[in-house]
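Asks: Need a 3D model of the following:
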Amino acid sequence: MKWFVKEGSIVREIWGNADTILFIFAGASAEFAVNKSVDWLYFTGKLPADPLGRLFSTVSYARRIVFSEYDAALKAIDQITAIHKEVESNRGAKIPDWAYRDVLFMLIDYSIRSFELLERRLLVEEKAEIFEVFYQVGARMGIHGLPENYDGWLKLRNQQLDENFMKSAFSIDLYKQYRKHLGLPRYVMLKEVQLQLAPTQVKQLLALGHWSALNVILPAYKLSRILHVHKFVRDLILPEKYKAQIAGLDAK
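Replies: Model prediction:
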């Protein structure tokens, strides 16, 4: 059987771990808020109405791609493309290619940052492998202007961070929605994770601060994983209605 992502790939390891996935989307939620195309995320009203629901919807597609055989993964990518085309049709405008690239770049970058924060430093070859998987996703979606290799991605990513972000009324409202749907304790934890993961440009725009309590908390959480009690700890800090879905993110 031909898989879209080969067995034993670092991408499967990253996207088969609930902790890593949660960190990926905690980081990406900061970047979504200050991306200049955030108005597209507001057009349907689904993101501000249910940020966590949108997270799990996105995760489900990403995992279908990562863990599916080749043809099934292509169908999942085509479904994503069709959903975006429908939004474009309803709005009567086209999502710019740079906005598509921005989201793809987030998935690459936060896959790397989250794994390295929680596990270990990645080899350059592993980072290139992560890039290649998401490059294939972007190419299938017909996104123009994608870099051809990991080094090219690094250059474009740095350029993107300097040019494609700003704080707006959407940014402020989205953070209000995060707080509303998460509750204050989980909202504070979200911002702590963002402080650890987000690039400097994003942290400055959102005024996330400089020192993170996770500097103290994270080593203890890593110890809980070694002792195999981290799922109990994780359940204590997550919304009740999403616990089953989050548990299901761990690869069997």
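
Asks: So Ile83 versus Val103, what's the distance?
Replies: 13 Å (Cβ to Cβ, to the nearest Å). C-beta coordinates here come from the backbone N, C-alpha and C atoms, glycine included.

Asks: Counting neighbours, go ahead and name the busier of those two.
Replies: Applying other Cβ atoms under 10 Å to Ile83 and Val103 shows that Val103 carries more neighbours, namely 21 against 13.

Asks: element containing that one, please.
Replies: Here Val103, judged by DSSP states H and E, is contained in helix 97-118.

Asks: With Arg179 instead?
Replies: helix 169-182.

Asks: Just the angle for the helix or strand that that helix is followed by relative to helix 97-118, thanks.
Replies: Next helix or strand after helix 169-182 toward the C-terminus (DSSP H and E): helix 184-197. Counting by axes from the mean of the first three to the mean of the last three Cα atoms, to 10 degrees, helix 184-197 lies at 100 degrees to helix 97-118.

Asks: what mean pLDDT does helix 184-197 have?
Replies: The average pLDDT within helix 184-197 is 90.

Asks: Could you do stretch 101-113 as well?
Replies: In this model, stretch 101-113 has a mean pLDDT of 95.

Asks: from the middle of its chain, how far away would that stretch be?
Replies: Counting by Cα atoms, centre = their mean, to the nearest Å, stretch 101-113 is centred 7 Å from the centre of its parent chain.

Asks: follow-up on the earlier one: and the angle from the helix holding Arg179 to helix 184-197?
Replies: 130 degrees.
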